[in-house]
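Q: build me a model:
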Amino acid sequence: MWRNYYFLFVRYYNTQKLNEKSNVFSFGIVLLELITGQPAIVKNDEPIHLVHWVSPKLEMGDIESVVDKRLQGDFDVNSILKALELAMTCTTPTSSQRAAMSLVLLELKECLAMELSRSQEKNMGLREEITTKSYNSSEVYSKDIDSMTGPLAR
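A: I've put the predicted structure just below:
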């Protein structure tokens with residue numbers, strides 16, 4: 001598989017021509033870097049291309065190990081899965097199989113909508129929790145007065 005990417009590089013080097021599909025490939029790599037927090041070449045025991053690092057983990061359904069740990073699980077799984085699949089589609093070795101940039105934009109907008117929806121639901125839950133745990137000022141005042149007993153109470 002690494003050879004496919006080598007041949008892509010050699011073809012670009014020989015022709016010095018970029019096109020929309022080569023830009024889509026590059027964008028897919030950037031998208032993977034953003035999602036994983038890894039560079040394009042992952043430095044393990046043996047350096048490995050990011051696409052080859054992500055691919056087997058996705059095939060096993062191990063999304064958690066792919067996503068950047070700094071997110072600490074604070075993401076919509078469906079959104080991140082969609083973004084990962086999109087990035088993988090952008091980085092297929094055969095340029096004719098890569099998505100068009102217009103489709104990439106549409107899919108990323110859907111991912112954003114999912115994340116915004118999750119964020120709003122999370123904020124609504126937090127507001128409800130704050131509301132149910134808050135006291136009105138008359139309750140707090142009366143409790144404070146009732147608790148004042150003994151020789152120092154005024």
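Q: for the host helix or strand of residue 24, name the packing helices and strands.
A: Assigned by DSSP states H and E, residue 24 belongs to helix 20-36. Here helix 20-36 touches helix 50-59, helix 77-90, helix 101-133, going by 3 or more Cβ pairs under 8 Å, 6 or more residues apart in numbering; DSSP states H and E. Backbone N, C-alpha and C define where each C-beta goes, glycine included.
Q: now those in JSON lines, with mean pLDDT, mean neighbour count and distance to residue 36?
A: Conversion of those to JSON lines gives the following (pLDDT from 0 to 100; neighbours: other Cβ atoms under 10 Å; distance: least, Cβ to Cβ, whole Å):
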{"stretch": "helix 50-59", "mean pLDDT": "94", "mean neighbour count": "16", "distance to residue 36": "7"}
{"stretch": "helix 77-90", "mean pLDDT": "95", "mean neighbour count": "19", "distance to residue 36": "9"}
{"stretch": "helix 101-133", "mean pLDDT": "84", "mean neighbour count": "12", "distance to residue 36": "15"}
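Q: picking up where we left off before, let's test this: mean pLDDT of the helix holding residue 24, rounded?
A: Per-residue pLDDT values over helix 20-36 give a mean of 92.
Q: other residues contacting it?
A: Around helix 20-36, the neighbours that count as contacts under Cβ atoms under 8 Å, 6 or more residues apart in numbering are 8, 12, 38-40, 50-51, 53-54, 66-68, 80, 83-84, 86-91, 95-96, 98-101, 104.
Q: what would the helices and strands packed on helix 20-36 look like in TSV with distance to residue 21?
A: Shown next, in TSV, are the helices and strands packed on helix 20-36 (distance: least, Cβ to Cβ, whole Å):
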stretch	distance to residue 21
helix 50-59	15
helix 77-90	9
helix 101-133	9
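Q: before we move on, the earlier item: quick check: angle from the helix holding residue 24 to helix 50-59?
A: 60 degrees (axes from the mean of the first three to the mean of the last three Cα atoms, to 10 degrees).
Q: mind giving me the packing neighbours of the following helix or strand past helix 20-36?
A: As assigned by DSSP H and E, the chain's next helix or strand after helix 20-36 is strand 41-42. For strand 41-42, the packing partners by 3+ Cβ pairs under 8 Å, 6+ apart come out as strand 48-49, helix 50-59.
Q: quick one: the longest one to helix 77-90, angle?
A: Helix 50-59 runs at 140 degrees relative to helix 77-90, counting by the same axes, to 10 degrees.
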